[in-house]
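Chemist: give me a model of this one.
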Amino acid sequence: MMIFNTRFGRLFFFSTEPQACSYLPEREAVMLFADPNKVIDTETYARLIDYGFRRSGDNVYRPHCRGCQACVPVRIPVDDFQPDRAQRRTWRRNQDLVVTTARTDFGPEHLDLYHRYQLARHDDRVSVRDSREQLEFLRSRFIDTSTLEYRLAGRLVMVSVIDQLPHGLSAVYTFYEADDPDIVKRGLGTYGVLRQVEECRARRLPWLYLGYWIAESDKMAYKSRYRPLHAYREGRWEQLLTAGDGER
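Modeler: Numbering: from 1, shown residues only. Sure thing, here's the model as predicted:
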């Protein structure tokens, strides 16, 4: 059991029983999670994220799998980030989108977009219900959370949920229009990351935390396209990829 000191007192961590891994089905996953009865505010979470933790709702966790270290926490050093040619094209392609900051007060249009995104990306795993409870994993009662809303001629086409930390933004989750061919070709997922990098620059924050990079998972390997990229391994952050690696 891990113990972490906070201004609210000691924070204890517990591990789950092994269960099927969501990203590598042939493996088992174990999670280390913080005591759900304790308050984890923005300051505490900022410290925990630098130890590789993430959140889902108010639950804070980190993979703790025996014999597997496939889930690697990664972050973009904002000042050094250099978009490649494809990312620059995506940026230009989406300059007609209007981006605004909002609270996490999700309404019917957010729920509809989320449902359609889930059906397009995970059609065998989602039950479509008109319930705000489905989006509760994006909200937090104690952490400074907001959304970036992206609109095309007034139509909501993408939502990025972000946590603001003293030293960066944490990309919590992004969902977008994924079943309209004209919208799909815009590369909204890529643009969402690029726009969050720019949001960090506007707020003078040095890091954009992208969560876990999993090289063996098609759904999570894309994060290596953003360079340079730093990874948390063996108790410290180190440069994983530089801007000069691979094709530009």
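
Chemist: scan this structure for its longest strand.
Modeler: When every strand of the chain is counted residue by residue (DSSP state E), the longest turns out to be strand 155-165.

Chemist: after that strand, next one along is what?
Modeler: strand 168-176 (DSSP states H and E).

Chemist: how many residues are close by the nearest residue to residue 10 once chain neighbours are set aside?
Modeler: Leaving out its chain neighbours, the residue that sits closest to residue 10 by CB to CB, 6 or more residues apart in numbering is residue 3, at 5.5 Å. For every residue, glycine as well, the C-beta is placed using N, CA and C. For residue 3, the neighbour count with other CB atoms under 10 Å is 8.

Chemist: what's near enough to touch residue 3?
Modeler: Shown in contact with residue 3 (CB atoms under 8 Å, 6 or more residues apart in numbering): 10, 11, 12, 13.

Chemist: what's the closest of these to residue 237?
Modeler: The closest of those to residue 237 turns out to be residue 13 (CB to CB; 20.2 Å).

Chemist: direction included, what does the host helix or strand of the closest one pair up with?
Modeler: Secondary structure from DSSP H and E places residue 13 in strand 9-15. According to DSSP bridges, strand 9-15 forms sheet pairs with strand 3-6 (antiparallel), strand 31-34 (antiparallel).

Chemist: next helix or strand past it?
Modeler: Note on strand 9-15: by DSSP H and E, the next helix or strand toward the C-terminus is strand 19-20.

Chemist: show me what that following strand is in contact with.
Modeler: 28, 29, 30.

Chemist: so which of those wins on neighbours?
Modeler: Among the contacts of strand 19-20, residue 29 has more neighbours than the rest - 18 neighbours, counting by other CB under 10 Å.

Chemist: quick one, what contacts the closest residue in space to that residue that isn't next to it in sequence?
Modeler: In space, and not counting its chain neighbours, residue 29 is closest to residue 21: 4.1 Å by CB to CB, 6+ apart. Neighbour list for residue 21: 27, 28, 29, 65 [criterion: CB under 8 Å, 6+ apart].

Chemist: out of the residues you listed, which comes closest to residue 241?
Modeler: residue 65 (23.2 Å).

Chemist: just to revisit the earlier point, could you dump the contacts of residue 21 to TSV with distance to residue 151 and secondary structure?
Modeler: Formatted as TSV, the contacts of residue 21 follow (distance: CB to CB, whole Å; DSSP: H, G, I helix; E, B strand; the rest coil):
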residue	distance to residue 151	secondary structure
27	40	coil
28	42	strand
29	37	strand
65	40	coil
